[in-house]
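In: With the sequence up front, the predicted model follows.
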Amino acid sequence: MQYFTEMAASHREALDMIRAKYGESAQVLSHKTVRMGGFLGFFAREGVEVTGYIRPERAQEPRASAEARPRPQDFEEEKRKILAQAKADQALQQVLAEIQGIRDRLDERPAAAAEAGDHETIRRVDALLALNDFSESFRREAVSRLRKDFSLDALDDVEEVESAALEWVGDSIRLWKGPEGPGTRGSLPRILALVGPTGVGKTTTIAKLAAIHAVGIGDASGGSRKPQSVRMITIDNYRIGARQQIETYGGIMGVPVSCVETAEDLRKTIAMHSDADLVLVDTVGKSPRDSVRLAEMQRVLAACGPTAETHLALSATTKASDMVQIMRQFEPFDYKAVVITKLDETNRIGNAISALAERGKSISYITNGQSVPQNIELARITRFLMNLEGFRVDRPRLEARYGEEPDESEGGREGRPNSRPSRGAAEDWS
């Protein structure tokens with residue numbers, strides 16, 4: 001049996017290409033979203049990869065006459081053929097799953113992007129990227145660019161090479177640009193739903209978002225906000241204490257909380273809150289491998305309407321290959337951006353930067369502690385770069401490059417290796 005794999009910009013274009021190339025005998029087995037084109041991991045665009053096989057052509061059979069009706073044994077033979085084909089398809093799916101597993105394990109191998117014959121500065125930069133848990137593919141691209149862009153004499157300027165590498169890392173980070181104030185959707189409220197695996201801190205993040213918008217205190221990045229009318233809705237009625245937790249947060253902040261179970265309940269509750277500026281929807285955590293329950297939750301969230309924003313919460317402690325897998329599994333939710341949580345629980349964030357760059361996803365918020373409402377802020381490129389270990393950081397240069405104002409709470413740290421934003425101590429509202 002002949003198998004094929006084709007890539008195109010869209011699912012429809014891929015199907016048209018397959019039909020034109022292989023004819024009506026082509027059978028599609030699976031499809032997935034992939035990154036296509038680009039240079040060194042940048043400027044790539046999303047496409048679709050379709051896998052299938054060519055169905056063997058059957059000889060045209062003459063019409064059965066009344067004297068030559070199919071015999072019972074003919075039906076049994078056809079049944080055996082169908083069952084054999086089904087088993088072959090299952091075997092192919094198993095092989096594809098094993099291949100994906102091998103690819104994931106290869107991504108986790110100790111990388112050797114820099115070689116012994118490379119300049120000492122190249123090996124140093126590669127070691128720093130490895131220290132910060134950047135993926136092997138990200139490191140290889142960085143090393144390849146260093147070899148191409150810097151002469152041997154230029155590589156002797158270690159600080160300049162490190163600064164350039166740090167800027168390449170920053171250039172790979174995409175920031176989400178979404179509505180932040182009331183009235184952005186006319187008379188309709190802004191609806192933001194948060195999805196993600198179990199244990200990444202979705203409920204606490206929803207409470208933090210409610211606080212910075214309802215109280216108007218601003219987030220940890222120092223901005224001030226005008227208080228908005230906020231509502232919280234939870235569909236997490238399975239986890240023990242989840243409802244009580246979000247209701248406690250809502251009571252402290254004076255934000256109404258509703259609990260729903262079905263799509264119809266969610267639709268009616270959102271309609272009831274049509275006078276609000278912001279409606280936040282908390283969801284139950286799901287394993288990215290539980291496709292049935294993910295489909296059920298997707299059906300419920302569809303009741304939020306086409307203008308709703310869905311953000312995916314990912315823990316900064318998750319390894320890069322698992323992050324990529326989670327983002328791929330939650331792709332049907334059409335999430336607009338990623339919220340990176342638990343940044344305070346790790347000193348290595350290259351995994352998150354690598355995974356987001358590979359999937360071409362934007363970051364909306366980061367959280368760095370359990371305190372509500374303090375430990376949340378809009379994502380900033382310099383915030384990630386300042387958290388990298390070992391690099392010599394020219395902070396004014398980075399802020400000028402990315403147009404980000406310095407955080408007053410971090411004053412006096414410019415130019416220091418390993419300098420970090422002060423997290424500050426704040427009383428937990430929980």
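Out: Thanks, I have the structure now.
In: For residue 366, which three-state class applies?
Out: Using DSSP: H, G, I helix; E, B strand; the rest coil, the three-state assignment for residue 366 comes out as strand.
In: Show the contacting residues for the residue lying closest to it once chain neighbours are set aside.
Out: Spatial nearest neighbour of residue 366, chain neighbours left out: residue 340 (4.7 Å); criterion: CB to CB, 6 or more residues apart in numbering. For glycine as for every other residue, the C-beta is placed from the backbone atoms N, C-alpha and C. For residue 340, the set of contacting residues under the criterion of CB atoms under 8 Å, 6 or more residues apart in numbering consists of 314-316, 352, 363, 365-367, 379.
In: For residue 31, give me the pLDDT.
Out: Predicted confidence (pLDDT) for residue 31: 78.
In: Next SSE downstream of the helix or strand harbouring it?
Out: In this assignment (DSSP states H and E), residue 31 forms part of strand 26-36. Next in sequence after strand 26-36, counting helices and strands by DSSP H and E, comes strand 45-54.
In: if we can go back for a sec, now the residue nearest to residue 366. Its backbone dihedrals?
Out: Dihedral pair for residue 340: phi -90, psi 120, per degrees, to the nearest 10.
In: Looking at residue 43 now. What's its pLDDT?
Out: The per-residue pLDDT reported for residue 43 equals 63.
In: Show me the helices in the stretch 51-200 of the chain, by range?
Out: Ranges of helices in the stretch 51-200 of the chain, per DSSP state H, counting those that start in this stretch, are 72-107, 120-131, 136-149, 152-155, 158-171.
In: Below-threshold pLDDT in the stretch 251-400 of the chain: ranges please.
Out: Counting by pLDDT under 70, the stretch 251-400 of the chain shows low-confidence ranges at 285-290, 373.
In: all helices of it, in order?
Out: Under the criterion DSSP H, counting those that start in this stretch, the stretch 251-400 of the chain carries helices at the ranges 263-272, 291-301, 320-329, 350-359, 381-386, 395-402.
In: any idea how far the shortest one is from the chain center?
Out: Between the mean C-alpha point of helix 381-386 and the mean C-alpha point of its chain there is a distance of 18 Å (CA atoms, centre = their mean, to the nearest Å).
In: go on, the third one?
Out: What separates the centre of helix 320-329 from the centre of its chain is 7 Å, taken as CA atoms, centre = their mean.
In: Can you point out the buried residues in the one helix or strand residue 15 maps to?
Out: Using DSSP H and E, residue 15 maps to helix 11-22. Counting neighbours by 16 or more other CB atoms under 10 Å, one finds that the buried residues in helix 11-22 are 14-15, 18, 22.
In: picking that back up, any idea how far the residue nearest to residue 366 is from residue 364?
Out: The gap separating residue 340 from residue 364 is 9 Å, by CB to CB, to the nearest Å.
In: Find residues that contact each of the two.
Out: Listed as contacting both residue 340 and residue 364 by CB under 8 Å, 6+ apart are residue 379.
In: Measure how buried residue 214 is and give me the count.
Out: A count of nearby residues for residue 214, using other CB atoms under 10 Å, gives 23.
In: Wait, it touches residue 232, no?
Out: No: contact status for residue 214 versus residue 232: not in contact, 9.3 Å apart, counting by CB atoms under 8 Å.
In: tell me, what's touching those two both at once?
Out: When contacts are counted by CB under 8 Å, 6+ apart, residue 214 and residue 232 are jointly contacted by residue 255.
In: re the thing from before, distance to residue 189 and pLDDT added to the buried residues of helix 11-22, as a markdown table?
Out: Putting the buried residues of helix 11-22 into a markdown table (distance: CB to CB, whole Å; pLDDT from 0 to 100) gives the following:
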| residue | distance to residue 189 | pLDDT |
| --- | --- | --- |
| 14 | 38 | 85 |
| 15 | 38 | 85 |
| 18 | 43 | 86 |
| 22 | 49 | 84 |
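In: Could I get the full set of strands for the stretch 151-300 of the chain?
Out: In the stretch 151-300 of the chain, the strands defined using DSSP state E, counting those that start in this stretch lie at 174-175, 190-195, 230-234, 257-259, 278-282.
In: name the helices or strands packed onto the first one?
Out: I take that to be strand 174-175. Of the remaining helices and strands, those touching strand 174-175 by 3 or more CB pairs under 8 Å, 6 or more residues apart in numbering; DSSP states H and E are strand 362-367.
In: 10 Å - rerun?
Out: Under the contact definition 3 or more CB pairs under 10 Å, 6 or more residues apart in numbering; DSSP states H and E, strand 174-175 sits against strand 337-341, strand 362-367.
In: and the ones you listed, which is most packed in?
Out: Greatest average neighbour count among these goes to strand 337-341 (a mean of 26), per mean count of other CB atoms under 10 Å.
In: Any stretches of the stretch 51-200 of the chain with poor pLDDT?
Out: For the stretch 51-200 of the chain, the stretches with pLDDT under 70 are 57-93, 100-101, 103-114, 116, 179-187.
In: Report the central residue of the chain.
Out: residue 327 (4.0 Å; CA atoms, centre = their mean).
In: Let me know whether that one touches residue 363 as I believe.
Out: No: counting by CB atoms under 10 Å, residue 363 is not a contact partner of residue 327; they are 12.0 Å apart.
In: what touches both of the two?
Out: Shared contacts of residue 327 and residue 363, defined by CB atoms under 10 Å, 6 or more residues apart in numbering, are found at 314, 338, 356.
In: Residue 333 and residue 310: what is the separation?
Out: Distance, residue 333 to residue 310, by CB to CB: 5 Å.
In: any shared contact partners between these two?
Out: Counting by CB under 10 Å, 6+ apart, the residues touching both residue 333 and residue 310 are 193, 195, 283, 298, 301.
In: quick one: which of those residues is nearest residue 160?
Out: Taking CB to CB as the measure, residue 160 lies nearest residue 195 of the shared contacts of residue 333 and residue 310, at 42.2 Å.
In: Distance of that closest one relative to residue 353?
Out: Residue 195 is 21 Å from residue 353, by CB to CB.
In: Just want to know which of the two has more residues nearby.
Out: residue 353 (27 against 24).
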